[in-house]
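1. Sharing a model that was predicted from the sequence below.
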Amino acid sequence: MKVALLTDCYLPRLGGIEVQTHDLAAQLRSRGHEVEVFTATLGELGERHGFVEDVDGVAVHRMAIRLPWELPVNPFAPPEVRRRLRAGGFDVAHVHMGVVSPFATDMARVALGLGLPTAITWHCLMERSQPVFRALGHARRWGAQGAALSAVSGVAAASVQNVVGRGSDVRVFPNGIDTTAWRPPPRTPRDADAPIEVVAAMRFAARKRPLAVLEVAARARELAAAGSRSGSGTSPGMRLTLFGEGPERGRLERFAAQHAMADWVTMPGRVGRDQLRERYWDSDIYLTPARLEAFGIAALEARTAGLPVVARKDTGVGDFVVDGVNGLLGADDDALAHGLARLLTDPELLHRIADTNRTLAPEQDWPSVAALAEDEYRRAGAA
């Protein structure tokens, strides 16, 4: 079939929706489908105004206009996209929604207005925006028009379901991962007294809560040391590496300086997938305190790389991390600190979880996710 993927954000921007949409396009092509992308994101050299370029074998329609901060917004795009969808012989449209997605919202209207079978996936949690979405009524109307509605995790799907009501079935369409690429190689034995390597990776933006990484790690370090002094465990020490970049960096650096973290915390900036993967393979624990995590791609990558994951239990991470099996889940930051301290002081638990993750791949491998995409497209066509 011929698939149109419609998204505000796409490469060369880097983020969850951008990378996942790119990888989905590649997976669909590998299964014999023809795929084109429509986006409000500028190209690498500023391509816009409907310019079509080839990105890894996929035609990308750059429906962008020049705006301050290169915002992926174009209220003038619908007529031209409507023309291209009508003339392009597409069988299905797949719209990818974030918290604020003006382009994708317009594209859902365009596709459904053409009578094109349409799948719509939310990559966000609606919790704080539910009253707004209910008042606008977009999602409810889309469901009533026959769109196949989905979200990237169980908690995200529940938040969308609360908005659309009982009239439409909101299913889970997860993000995907190349489990073969992230599968860890045999581990080189480490000295028994070597510090435990804790790693985190995220955008340094307030909603991702990077400061909480430092706070949770510092508290866990104190708890582990106290447990060691009381004779209730051993504390080999820990090192924390926080990968990422963004507007919160200055705040993080000031916090680390004020709390004398320089000897055990490093923040080397943002790195590519390959470098991050190799660092995961050489680390011991992954930490993420994000509260508004619809899925948690970085956590899935870490879990696939063999790391026990310490995360909030009320997020999308719970779709691939079972508490006590693939990591430790907590209700708040204090629970995360105690969970991390537990892994620091209980080598048997740490090794058992790590062995599980290194042996058993998660269910969100790309072939399975691509097959689910085809199911969603058939569901949209049937509706």
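-> Structure's in. What do you need?
2. Every contact and neighbour count from this point should use C-alpha atoms.
-> Fine.
3. What are the boundaries of the helices in this structure?
-> Along the chain, counting by DSSP state H, helices occupy 16-30, 78-87, 102-113, 130-136, 138-144, 154-164, 179-182, 210-230, 249-258, 273-281, 297-304, 333-345, 347-359, 366-382.
4. residue contacts, residue 122?
-> Residues in contact with residue 122 (CA atoms under 8 Å, 6 or more residues apart in numbering) are 96, 97, 98, 150, 151, 152, 156, 157, 160.
5. again, 6 Å this time
-> 97, 98, 151 (CA atoms under 6 Å, 6 or more residues apart in numbering).
6. now, which of those lie within strands?
-> If you go by DSSP state E, these have 97, 151 in strands.
7. Pick the one among the contacts of residue 122 closest to residue 138.
-> Taking CA to CA as the measure, residue 138 sits nearest to residue 97 out of the contacts of residue 122, at 11.8 Å.
8. how far away is the residue nearest to the closest one when sequence neighbours are not counted from residue 102?
-> In space, not counting the residues next to it along the chain, residue 97 is nearest to residue 122; the distance is 4.6 Å by CA to CA, 6 or more residues apart in numbering. According to CA to CA, to the nearest Å, residue 122 stands 13 Å off from residue 102.
9. repeat for residue 238
-> Computed with CA to CA, the distance linking residue 238 and residue 102 is 44 Å.
10. more neighbours, these two?
-> Counting neighbours by other CA atoms under 10 Å for residue 238 and for residue 102 shows that residue 238 has the greater number, 20 against 17.
11. Quick one, grab the pLDDT at residue 128.
-> Predicted confidence (pLDDT) at residue 128: the value is 66.
12. what about this structure, any weak spots by pLDDT?
-> Scanning the chain for pLDDT under 70 picks out 128-131, 135, 228-236.
13. if we go to 80?
-> 127-137, 188-192, 227-236 (pLDDT under 80).
14. residues touching residue 53, list them.
-> Residues counted as contacts of residue 53 (CA under 6 Å, 6+ apart) are 59, 60.
15. how near is it to residue 22?
-> In this structure, residue 53 and residue 22 are separated by 14 Å, where distance is defined by CA to CA.
16. quick one, domains of the chain?
-> Domain assignment of the chain by automatic domain parsing yields the ranges 2-176+365-382, 179-359.
17. picking up where we left off before, so what's the residue nearest to residue 97 bridging to?
-> residue 97, residue 151 (DSSP bridges).
18. Tell me how many other residues crowd the nearest residue to residue 161 once chain neighbours are set aside.
-> Beyond its immediate neighbours in the sequence, the residue positioned closest to residue 161 (CA to CA, 6+ apart) is residue 170, lying 5.8 Å away. Here the neighbour count serves as a burial measure; for residue 170 (other CA under 10 Å) it reads 24.
19. Would you mind confirming that residue 170 is in contact with residue 152?
-> No - under the criterion of CA atoms under 6 Å, residue 170 is not in contact with residue 152, lying 10.4 Å apart.
20. For the closest residue to residue 33 other than its chain neighbours, the count of nearby residues, please.
-> Using CA to CA, 6+ apart and skipping residues adjacent in sequence, the residue nearest residue 33 is residue 1, 5.2 Å away. When neighbours are counted by other CA under 10 Å, residue 1 registers 15.
21. I'd assumed residue 35 was in contact with residue 1.
-> No - in this structure, residue 1 is not within contact of residue 35 by CA under 6 Å, at 8.5 Å.
22. Residue 305 and residue 358, how far apart?
-> As judged by CA to CA, residue 305 and residue 358 stand 7 Å apart.
23. What distance do you get for the residue nearest to residue 314 when sequence neighbours are not counted to residue 289?
-> In this structure, residue 314 finds its nearest non-sequential neighbour in residue 331, 7.0 Å apart by CA to CA, 6+ apart. Residue 331 sits 10 Å away from residue 289, going by CA to CA.
24. These two - which one has more neighbours?
-> Legend: neighbour count by other CA under 10 Å for residue 331 and residue 289, higher for residue 289 (27 against 13).
25. And that one, how far from residue 115?
-> As judged by CA to CA, residue 289 and residue 115 stand 42 Å apart.
26. can you give me phi and psi for the residue nearest to residue 314?
-> In this entry, residue 331 is assigned phi and psi values of phi -80, psi -20 (degrees, to the nearest 10).
27. List the contacts of the residue most central in space within the chain.
-> The centre of the chain sits closest to residue 297, judged by CA atoms, centre = their mean, with a distance of 3.5 Å. Applying CA under 6 Å, 6+ apart, one finds that residue 297 lies in contact with no residue.
28. can you check residue 383 too?
-> For residue 383, the contacting residues are residue 146, taking CA under 6 Å, 6+ apart as the criterion.
29. Repeat the analysis, applying 8 Å as the threshold.
-> If you count contacts by CA under 8 Å, 6+ apart, residue 383 has them with 117, 146, 147, 148.
30. for stretch 367-376, which positions count as buried?
-> Neighbour counts using 16 or more other CA atoms under 10 Å place 367, 369, 370, 373, 376 of stretch 367-376 among the buried residues.
31. What are the contacting residues of it?
-> 24, 27, 28, 119, 148, 173, 174, 175, 176.
32. Reformat those into a markdown table and put distance to residue 246 and neighbour count next to each item.
-> Converted to a markdown table, these look like this (distance: CA to CA, whole Å; neighbours: other CA atoms under 10 Å):
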| residue | distance to residue 246 | neighbour count |
| --- | --- | --- |
| 24 | 26 | 21 |
| 27 | 30 | 19 |
| 28 | 32 | 21 |
| 119 | 32 | 28 |
| 148 | 35 | 27 |
| 173 | 29 | 24 |
| 174 | 26 | 29 |
| 175 | 23 | 25 |
| 176 | 25 | 24 |
